[in-house]
Structures are given as C-alpha cells and as structure tokens.
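Colleague: Requesting a structural model of the entry that follows:
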Amino acid sequence: MKLSRTEEELMNHLWKLKRAYMKDLLDAYSEPKPATTTISTLLKRMQDKEFVGYDAAGKLREYYPLVTKENYFSKHLKGLIKNFFNDSPAQFASFFTKKAELSEEELLHLKSIIDEQLNQKK
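Modeller: Predicted structure coming up:
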C-alpha cells in the first residue's frame, strides 16, 4: 500500500520523532502549519493502512510508525524499477546516474558502494 504525498510528509516527521503526540507532530511542521483536524484525518488514514499505531494515555494518543522508512522506500523503489524500468535495476541505475547530474565524487562514492556489495557477495 502507498501513502499520499501529505501522508509521506507526516510519516517523515514521525520517523524522525520515533514516537509523538499530536502537539509534537504539529510542531515538526514549518509555518503555515496544517490544522489539527488535517493531521488527525491523516493519522486515521495511516492507521487504516497500517503504517501508524498509537498508545493511549488518557485522552492523549502517542503515535509511532509501524513501518520503517527503509522498508517503505525499498518497496517503493522496487515498484518504480518494475513499472518504469522493465524490472531492470541496471536500467534504473543508468537513468539515475545520467539524469541526476552527479559529480565525479558522487559517482566514485556510488562505485565504492557497488564494489563493497560485490565483495560481500563473494
């Protein structure tokens, strides 16, 4: 299941905070801050999608992510590669390295990451 852009923004705040009350989440936004009702609606939808859980403390709810950022974006990336790059990580990597206009230093860093992964596979 996928999050909307506004849900992803809220989820990013929750991933950073790890656990948060409504006030904490509102404080994480820059001005103009969304309405409390907007955040409440987003949190309800995200609970229904099983991305967010909460612990009740009286009338307050302390929210926390049920999905790690890494797992969420890993699934997203796999879907992107499957749908837009013929299920070919090599096509994605080629597109990314050409279109992202990476510096030589960034390309060398990517190469070192790939080399490290290759060494671990041996």
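Colleague: how about the helices in the protein?
Modeller: For the chain, helices defined by DSSP state H occupy the ranges 5-17, 22-28, 36-48, 69-84, 89-99, 104-121.
Colleague: domains for the chain, by residue range?
Modeller: 5-65, 85-121 (automatic domain parsing).
Colleague: in the last one, what counts as buried?
Modeller: Okay, so that is domain 85-121. Residues of domain 85-121 classed as buried: 85, 92 (neighbour count, 16 or more other CB atoms under 10 Å). All C-beta spots, glycine's among them, are computed from the backbone N, C-alpha and C.
Colleague: Please compute how far that domain lies from its chain's middle.
Modeller: Counting by CA atoms, centre = their mean, to the nearest Å, domain 85-121 is centred 20 Å from the centre of its parent chain.
Colleague: same question for that domain, mean pLDDT?
Modeller: Average pLDDT, domain 85-121: 85.
Colleague: Regarding that domain, how distant is the last residue from the first?
Modeller: 24 Å (CA to CA, to the nearest Å).
Colleague: In this protein, which residue sits furthest out from the middle?
Modeller: Centroid-distance maximum for the chain: residue 122 at 30.8 Å, with CA atoms, centre = their mean.
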